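Engineer: this one's sequence-less:
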DNA sequence: ATTTTTATTATGTAGTACATATCTACTAAT
DNA sequence: ATTAGTAGATATGTACTACATAATAAAAAT
């Protein structure tokens, strides 16, 4: 038996702490009891007693749920918060420096995939005002050709605007969070290859072209990145 | 001034607790000092002393980082963990029951977008073996036409396989996590409209068609959902 | 030199204490 | 009678102590 397989054969036992268990229990409890946003929860002490653990442990677990925005605690009563910011927790962990190469690559591809798939929703939701703004961004960029410092900035502004035009806030935030990843991976690509289809051309397609033409344009625009994918 | 605007006009002040601040500080500290995975961290007490707070507070903050997989603590030394499971934290919060309609819709659209954008990577990575397996799934489905109980199951199997074929684990997990959302929103759509392009046809396109043909097929397959988007 | 024992150290958990914010109920005021 | 103000109760936020246990480092024994 080769030793290299060890970590696959033996799955690591992770000693669960009380806080881990309580966190699970609480999450389950909240789901099972189907609390509505704003419903008061039992006090920390009550939970501790019911679970047979100390308040410290309950607090550690609650602290996690609080961070995730699942519960909100006020001085006098614990409340269940309706809208945990689903991307907030994601954001906390998204640091290119501590992520492994594979995941970075995966996220990079995820963004490329989104960008290509965006055409449909974009055509459903695009408004003249936004297209004009996008054009303004693209034009502004043309004026600064040759100044690499601004290139990335404009790239971000342009693509960011496109996401904003979808009216999909979650997607927009998601894209925004992936920016560092994008930047990081692009740095790895080293050589800068100017896109064969420019931002101006994309805007033109958005104004007078079709959904499919735009998608093809975007594909060309991102062609270089796709070619890096084996 | 209408009263309904109050919550918009006044943005709520959220009293940050020590644990919140310490969490921020620690995350900053880890980034700034650019710890490498496995590097030992100061002890809880040392951190507490340095930050001028009690160990309880530090523990609450550490508990959060531990949950996110940013740090790992052993009995004798605290270690920084390399690979925080970026989707793990996301998963914790992804409960259709506590998410607001808008976000649900956003995520639904996100998945549609991915599905349409997938064609390119799929064509780069697809292997005969996988295409055969996908075909097997599609065929198996045909045999059970008319049994609505199995419909969703097959739908999941088929699309899941497609994501798997991209070789992008992150995307695959992401899709898997979004399944409940998808199911939930589809339930809201109420009426079931059979897709105009079947799974079998998609497989056929994957075998003998082109990237673009496949994308168009997928668009048709999802057409009904896109039509729900205003 | 290798193994065993001992000491040390940090985490995990329990528990106490207390300041403060907020809720409830009661009281006073217009 | 409704509003404003006051007092008491309660739960959270924070600090601190204590201790079992696990993991390491150091010392002792073979």
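Structural biologist: The structure has been received and is ready for your questions. Since we're looking at a predicted model, the values are computed, not measured.

Engineer: give me the spatial nearest neighbour of residue A:228, chain neighbours excluded.
Structural biologist: residue A:189 (5.9 Å; CB to CB, 6 or more residues apart in numbering or on different chains). In this view, the C-beta of every residue, glycine as well, is placed from N, C-alpha and C.

Engineer: residue A:51 and residue A:61 touch, don't they?
Structural biologist: No. Using CB atoms under 8 Å, residue A:51 is not in contact with residue A:61; the gap is 9.1 Å.

Engineer: show me the common contact partners of these two, please.
Structural biologist: By the contact definition CB atoms under 8 Å, 6 or more residues apart in numbering or on different chains, residue A:51 and residue A:61 are jointly contacted by A:22, A:25.

Engineer: look at the two and report which has more neighbours.
Structural biologist: Set residue A:51 next to residue A:61 and count neighbours by other CB atoms under 10 Å in any protein chain shown: residue A:61 wins out with 29 against 17.

Engineer: residues contacting that one?
Structural biologist: Contact analysis of residue A:61 by CB under 8 Å, 6+ apart lists A:19-20, A:22-23, A:25-26, B:63.

Engineer: farthest-separated two in the residues you listed?
Structural biologist: Maximum pairwise distance among the contacts of residue A:61 (CB to CB): 15.0 Å, between A:25 and B:63.

Engineer: compare neighbour counts for these two and give me the winner.
Structural biologist: residue B:63 (26 against 16).

Engineer: show me which residues of the helix or strand hosting that one are buried.
Structural biologist: Element membership for residue B:63, per DSSP states H and E: helix B:55-67. For helix B:55-67, burial by neighbour count (16 or more other CB atoms under 10 Å in any protein chain shown) applies to B:57-67.

Engineer: now the residue nearest the centre of chain A: which helix or strand?
Structural biologist: Centrality entry for chain A: nearest residue to the mean C-alpha point is residue A:174, 3.2 Å, by CA atoms, centre = their mean. Using DSSP H and E, the element containing residue A:174 is helix A:169-188.

Engineer: contacts only, for the closest residue to chain B within chain A.
Structural biologist: Taking CB to the nearest CB, chain B has its nearest neighbour within chain A at residue A:117, 2.8 Å off. Taking CB under 8 Å, 6+ apart, we find residue A:117 in contact with B:112-118.

Engineer: nearest spatial neighbour of it, chain-adjacent residues omitted?
Structural biologist: residue B:117 (2.8 Å).

Engineer: and the one you found, how far from DNA strand D?
Structural biologist: Here residue B:117 is placed at a distance of 42 Å from DNA strand D (CB to the nearest atom of the strand, to the nearest Å).

Engineer: what's around residue A:153, how many residues?
Structural biologist: For residue A:153, the count of nearby residues is 12 (other CB under 10 Å).

Engineer: now it: how far from residue A:97?
Structural biologist: Remark: distance between residue A:153 and residue A:97 (CB to CB, to the nearest Å) = 22 Å.

Engineer: cool, thanks, signing off.
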